[in-house]
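Trainee: next come a sequence and a model predicted from it.
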Amino acid sequence: MAVGGIPLDRLAERVGSTPFFAYDRGLITSRIGYLRSILPADVKLSYAVKANPMAAVVQHLAGLVDAFDVASAYEMKTALDTPVQSNNISFAGPGKTTAELTQAVAAGVTIEMESANEAARVTDIGHKLGIRPRVALRVNPDFQVKGSGMRMGGGPQQFGIDVEQVPDLLQTLRVTDLDLLGFHVFAGSQNLHADILCEALTRNVALLMGLADQSPWPVRYLNLGGGFGIPYSEKDQPLDLVPVGAKLKELIEGEIRPQLPDARVTIELGRYIVGEAGVYVTRVVDRKVSRGRTYLVVDGGMHHQLAASGNLGQVIRRNYPVVIGNRVQESGREAVSVVGCLCTPLDLLADNVMLPPAEIGDLVVIFQAGAYGLTASPTAFLGHPMPVEVLV
């Protein structure tokens, strides 16, 4: 096995220790190229930094995408350290502190406001700094998107402003000195169903076109969200992006451009861009048999790659793709469970999987580790060292 063209055992020596995350820049570049080939040229691509905020990954993507979306002051700093201009960085998420909002206003970042209270604070900050804040309204739609791993729109939500409240807020904001660019809607993530995504895009566009009619400002920005999923288990079918691209083209040409000829239309993606470009590599430190079951005990675990363990006990746990990286061409197979080094039964990276017979010192590789891996895991749990991250 190789990552970025480097044999795995050599890469492990180069890194100097296990466990580690490795991200393949060639796969990231290829994924952006694929997206560009399918999505309309009129659509701008925004990378959701929260998916993988490693500075080297973000720097690499700065030359490939049109914009960044951030969800904290730290992510904002990471994005501002790249060549991407501040007016192509958006800041979303509930609970933004006044300090974070002040930094965003001062930097010229677009703040996607999630409440009337946040709008009032941004207005005050703009007055104090003598800067006209760049803002958009994040809208909580009045419908849900089925088939998403996490639903972030429809019904009561901490995300965005309920669509029925937006018209009144627009009238309140018209007397402020805010530069309202437009609207953002993000209803769900990790969706593998093209038909559902097409329906969601259709409803999102209809909703935003209705709000554009009521905006006191010309609408120059429409963030249609994303939510494109990747397969994590054998049961998952990869997303067919072709009908999604066709639907976007239809909506832009038939709905958006006749009404908003100059609006910047954005699709915001994170997991879909980087998720399949990363692996988590951990070394076998013990092999044991307990009452007929074979365990490979590794030096990593759920404190680094929580999602692969089942996110602290999800109802239906499914194994991520896993191999013995230095034995991928061997034909023999045995049933094993791969467990981490933490003192909890939840530290299970692969349950009863068929792998080549492995020994102490072998390298276990967990795939689909490019998104929501290290920074989405409880790294301080039981005080083990942090893993290394490399972009190759």
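Mentor: Received, thanks.
Trainee: could you pull out the strands in the stretch 201-350 of the chain for me?
Mentor: For the stretch 201-350 of the chain, applying DSSP state E, counting those that start in this stretch gives strands covering 221-226, 264-269, 278-290, 293-298, 322-324, 334-339, 348-355.
Trainee: and the helices in this structure?
Mentor: Here the chain has its helices, by DSSP state H, at 8-15, 25-38, 55-62, 73-80, 98-107, 116-129, 166-173, 194-214, 241-251, 257-259, 271-274, 306-309.
Trainee: domain ranges for the protein, per the record?
Mentor: Domain assignment of the chain by automatic domain parsing yields the ranges 53-269, 276-391.
Trainee: export those domains to CSV and append columns for mean pLDDT.
Mentor: As requested, those are exported to CSV (pLDDT from 0 to 100):
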stretch, mean pLDDT
domain 53-269, 92
domain 276-391, 94
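Trainee: which of those sits closest to D9?
Mentor: domain 276-391 (5.5 Å; C-beta to C-beta). (Each C-beta comes from the backbone N, C-alpha and C, glycine too.)
Trainee: quick one: end-to-end distance for the closest one.
Mentor: 13 Å (C-alpha to C-alpha, to the nearest Å).
Trainee: hang on, the earlier thing: tell me the most buried of the helices of the chain?
Mentor: Sort the helices of the chain by mean neighbour count, taking mean count of other C-beta atoms under 10 Å, and helix 271-274 sits at the top with a mean of 26.
Trainee: what's that one packed up against?
Mentor: On a contact count with 3 or more C-beta pairs under 8 Å, 6 or more residues apart in numbering; DSSP states H and E, helix 271-274 meets helix 25-38.
Trainee: could you dump the helix it packs on to CSV, C-alpha only?
Mentor: Included here for helix 25-38 are C-alpha records, laid out as CSV according to Å, rounded to 0.1, in the frame of the first residue of the first chain:
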residue,chain,number,x,y,z
ARG,A,25,-2.9,16.0,-1.9
GLY,A,26,-3.3,14.3,-5.3
LEU,A,27,-6.6,12.8,-4.3
ILE,A,28,-7.8,16.1,-3.0
THR,A,29,-6.8,17.8,-6.2
SER,A,30,-8.6,15.1,-8.2
ARG,A,31,-11.8,15.5,-6.2
ILE,A,32,-11.9,19.2,-6.9
GLY,A,33,-11.3,18.5,-10.6
TYR,A,34,-14.2,16.0,-10.6
LEU,A,35,-16.5,18.5,-8.9
ARG,A,36,-15.5,21.2,-11.4
SER,A,37,-16.3,18.8,-14.3
ILE,A,38,-19.8,18.0,-13.0
